[in-house]
Each structure stands twice: as structure tokens, then as C-alpha cells.
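Participant: let me see the structure of the following:
(one chain, ligands or ions: 2)
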Amino acid sequence: MNTLQQLGWSANFDSSLNDIDHENMTIGRVSTVNKSNCIVIHESGSKICELAGNLLFGMEEYEKPKTGDWVLFLDYGDLGIISHVLPRQTYLSRKKAGKEVAEQIIATNIDYAIVVQCLEIGLNLRRLERTLVQLQNCNIEAIILINKIDLAITTEQREVMNFMENTYGAIPVSANQNINLKLIQSKIHTGKSYVFIGASGVGKSSIINALEGSSKLKTGEISQATNKGAHTTTSRELYVLNSGGIVIDTPGTREFGLTSASSESGSSGFRGIDELAKECKFHNCTHTNEKGCKVLKAAKSGDISEAEYDNFMRLNREMEHYASSSKDRKQKGKHLSKIIKNMKKSGYKNR
Ligand SMILES: Nc1nc2c(ncn2[C@@H]2O[C@H](COP(=O)(O)OP(=O)(O)OP(=O)(O)O)[C@@H](O)[C@H]2O)c(=O)[nH]1
Ligand SMILES: [Zn+2]
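Facilitator: Ligands and ions are numbered 1, 2, ... in the order given. All right, here's what the predicted structure looks like:
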């Protein structure tokens with residue numbers, strides 16, 4: 001049994017109940033979303049819940065319950081019926097794969113993302129930067145783990161690992177050999193929510209199990225042929241750790257398509273570049289051709305690598321593209337609803 005606070009409820013959510021008559025309803029948090037129902041954890045256990053009909057047909061996809069959402073449901077014994085999804089404090093999303101300009105929500109009401117890479121599959125600084133940019137967009141803080149440091153390491157990997165440690169505070173760990181697990185544990189606090197992200201096979205489930213001191217979650221072998229994991233985790237799931245703290249395990253996510261969900265901080269996610277950018281002559285410097293640009297200067301002198309600068313530029317272009325395409329799409333939507341409105345006004349009847 002968990003209190004709402006242990007499930008992640010904070011005073012910030014109190015006001016969202018003001019306008020709802022919720023006396024006969026139970027408050028719970030969505031753990032897993034299935035095709036036609038979801039599993040909701042509440043103060044006295046968990047319940048399979050379905051979405052009330054008016055919501056099922058009246059809600060856009062992104063509004064429907066996602067792992068991490070707070071919901072109100074009516075308890076009918078075997079089944080609960082969800083009547084409200086409370087407004088989200090944060091959500092982690094990515095651009096859907098492919099050409100479509102749409103956002104896919106991965107988890108909601110998250111305080112930290114625990115980003116995992118590992119030696120076996122290979123450290124990838126460019127992918128880490130991409131992930132950090134998207135976390136910045138979503139206003140979610142990152143904790144970075146480099147797992148499987150019990151395995152042999154090449155000189156090249158050692159260099160990347162040092163960079164990740166020095167620039168991004170990455171923590172080298174081993175779930176199997178119990179290295180630095182206490183350090184991870186010390187960063188996980190009761191009532192805070194942590195989403196694990198990283199490619200399949202990096203050891204997300206293993207780390208959660210090691211933190212729990214159990215084998216609650218299934219873990220999988222890395223395929224010898226592809227050096228990739230076989231996706232043991234098949235759906236997102238939210239758990240409350242025995243030691244406190246809420247974790248959401250996600251199936252392996254290789255790439256984060258960027259959206260541009262306005263970051264409030266003005267930071268890019270590239271820590272080294274953000275530090276330099278503060279010193280640029282112009283506060284709105286694009287770091288492309290301006291005089292007095294400290295980022296360009298560092299890229300030229302080799303203080304930041306060409307690869308990092310190129311990735312920074314590429315990711316910026318990707319976000320601009322997303323922003324302008326989604327604006328286009330919204331305008332098209334508006335245009336269409338205007339036409340429909342005018343048709344109705346002019347007495348058009350749908351025959
Ligand atoms: N050598 C070594 N192997 C590890 C370590 N942690 C996990 N593994 C192994 O890596 C494999 C994949 O681990 P999982 O925990 O299933 O990986 P995952 O990231 O949860 O994968 P998905 O659920 O597919 O996303 C398993 O065979 C683990 O035993 C570690 O610290 N050292
Ligand atoms: Zn600049």
C-alpha cells in the first residue's frame with residue numbers, strides 16, 4: 001500500500017481537483033496502458049480501468065491516459081471507469097518516427113530521466129546529446145548512467161566515457177557487479193518520478209532490479225549476431241521502489257525524434273556549448289557567422305569537437321523544421337475549420 005505522496009502526488013496537483021466533484025471517485029496513477037484498458041495504482045492497490053465512453057471518443061490521442069498520468073476513476077469492483085485525466089506537470093515525448101509531424105508521449109509527470117548507455121553496445125555521444133536536447137525541450141532533468149563497466153573497455157571508449165563524466169556528470173555503474181548502485185540510490189527520492197530511457201539491452205531493467213535487490217523485472221540476453229537487445233520490456237510500466245521513488249521502465253528507445261516543445265530555460269542541452277554561448281557578443285547569437293561568437297571560436301580552435309558542433313547545428317535545424325511543420329499543420333487545421341464554419345453559416349446541410 002502506498003500513500004498518494006509515495007505514488008508521486010504533490011501539492012501542485014491539488015488545484016486540479018478544485019473544479020471536480022470527486023467525492024465518490026478514487027485518485028490513482030496510470031502504471032501501464034494496454035490496448036483497451038489501463039492499470040491504475042492507487043492507495044489501496046491497483047485496478048484495471050477503462051476510459052469512460054465520452055472520453056474515449058471525445059479525446060485526442062495525446063489527451064488519453066499515458067503511463068504516469070493522474071486519473072480519477074469510479075470503482076465498480078472488478079473494473080474502474082476513468083472520468084478525468086488530470087493536467088500534466090511535465091511529459092516526455094518524441095517526434096513520431098517517419099515523415100509525420102506528430103508527437104508521441106512516452107511518460108508523464110516525470111521529475112528525472114535516467115538515461116542509460118552501456119559499454120557492450122557502445123557509448124554514443126551524439127545519441128546522448130540528442131536525448132539531452134529533447135529532455136531540455138520537455139523540462140526534465142537528466143541523470144546519466146554508463147552501465148556494464150565490469151566489461152573490458154577500449155581506449156577510444158575510455159575517452160568518450162571521460163567526456164561524458166566530465167561534461168554531463170555521467171555515472172559509471174554495473175548492475176551485475178553492484179558498482180555505484182549506492183550512488184544511484186542516493187539520487188532517487190521518495191515521491192519523485194524517474195523514467196528510464198536507453199536502447200534495448202543497455203540494462204535498464206537490470207539496474208531497476210539491482211536497486212530493488214530482486215528480479216521483479218524480466219531481463220534479456222544481448223543477441224550475439226546484432227549486439228542489440230531483444231526488447232525484453234514490452235510496455236512502459238510504473239513501479240514504486242521499496243526504498244521509495246517511482247520508476248518507469250520503458251522498452252528500448254534508440255532515437256529521440258526532436259520536437260520543439262518550448263524549453264523555458266533557454267538552454268540547449270549541450271552543456272559545453274551552453275556555457276560558451278553565455279559569453280557570445282549577441283544574446284540571440286545563432287553561432288553560425290556572428291562576430292564575437294564564442295561557440296564558433298571554440299569550434300575553430302578545437303576546444304569543442306567538430307562533431308559536437310555539427311550535431312548541435314543539425315539538431316537545431318531538426319527542431320526548426322518540426323516547429324515550422326507543426327505550425328503549418330495547425331494553420332491548415334484552422335483553415336479547414338474556418339471553411340466548415342462558413343459552410344454552416346451559409347446554410348449548407350449535410351445531406
Ligand atoms: N556484463 C554486464 N551485463 C549486464 C549488466 N547489466 C545488465 N547486463 C545484461 O544485459 C542484458 C540486457 O539487460 P536488460 O536489463 O534486459 O536490458 P534493458 O535495457 O532493460 O532492455 P529492454 O528491456 O529490451 O529495453 C542482460 O543479459 C543483462 O544480464 C552489467 O552491469 N554488466
Ligand atoms: Zn554564438
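
Participant: max-length helix in this protein?
Facilitator: In the chain, taking DSSP state H as the definition, the longest helix is helix 306-345.

Participant: and that helix, what's buried?
Facilitator: Buried residues in helix 306-345, counted by 16 or more other Cβ atoms under 10 Å: 308-309, 311-312, 315-316, 318-319, 322-323, 326. In short, each C-beta sits where N, CA and C put it, glycine included.

Participant: same deal with stretch 283-292?
Facilitator: Neighbour counts over stretch 283-292 (16+ other Cβ under 10 Å) mark 285, 287 as buried.

Participant: kindly check the end-to-end length of it for me.
Facilitator: End-to-end distance of stretch 283-292: 11 Å, with Cα to Cα, to the nearest Å as the criterion.

Participant: cool, stretch 65-82 as well?
Facilitator: 9 Å.

Participant: what about it, distance to the chain center?
Facilitator: 22 Å (Cα atoms, centre = their mean, to the nearest Å).

Participant: can you list the buried residues in that stretch?
Facilitator: 65-73, 75, 80-82.

Participant: beta partners of the spatially most central residue of the chain?
Facilitator: The chain has Leu92 as the residue nearest its centroid, 3.3 Å off, counting by Cα atoms, centre = their mean. Note on Leu92: beta-bridge partners by DSSP bridges are Ala107.

Participant: what's near enough to touch it?
Facilitator: Contacts for Leu92 (Cβ atoms under 8 Å, 6 or more residues apart in numbering) come out as 105-108, 110, 113, 134-135, 138, 140, 195, 197.

Participant: kindly report the same for Ser267.
Facilitator: By Cβ under 8 Å, 6+ apart, the contact list for Ser267 reads 136, 274.

Participant: kindly report the same for Gly269.
Facilitator: Applying Cβ under 8 Å, 6+ apart to Gly269 gives the contacts 129, 132-137.

Participant: what about stretch 116-134, how long is it end to end?
Facilitator: Across stretch 116-134, first to last residue, Cα to Cα, it's 15 Å.

Participant: figure out how far that stretch is from the centre of its chain.
Facilitator: Worked out by Cα atoms, centre = their mean, stretch 116-134 lies 14 Å from the chain centre.

Participant: for it, which positions count as buried?
Facilitator: Along stretch 116-134, these residues count as buried under the neighbour rule (16+ other Cβ under 10 Å): 116-121, 123, 125, 127-134.

Participant: and the furthest pair within those?
Facilitator: Glu120 and Val133 (25.0 Å; Cβ to Cβ).

Participant: helix or strand with the lowest mean pLDDT in this structure?
Facilitator: Lowest by mean pLDDT, DSSP states H and E among the helices and strands of the chain is helix 306-345, with a mean of 81.

Participant: packing partners for that one?
Facilitator: Judged by 3 or more Cβ pairs under 8 Å, 6 or more residues apart in numbering; DSSP states H and E, helix 306-345 is in contact with helix 125-137, helix 271-277, helix 294-301.

Participant: residues in contact with the last one?
Facilitator: The contact list for helix 294-301, computed with Cβ under 8 Å, 6+ apart, reads 273, 276-277, 279-280, 285, 287-290, 303-304, 306, 309, 312.
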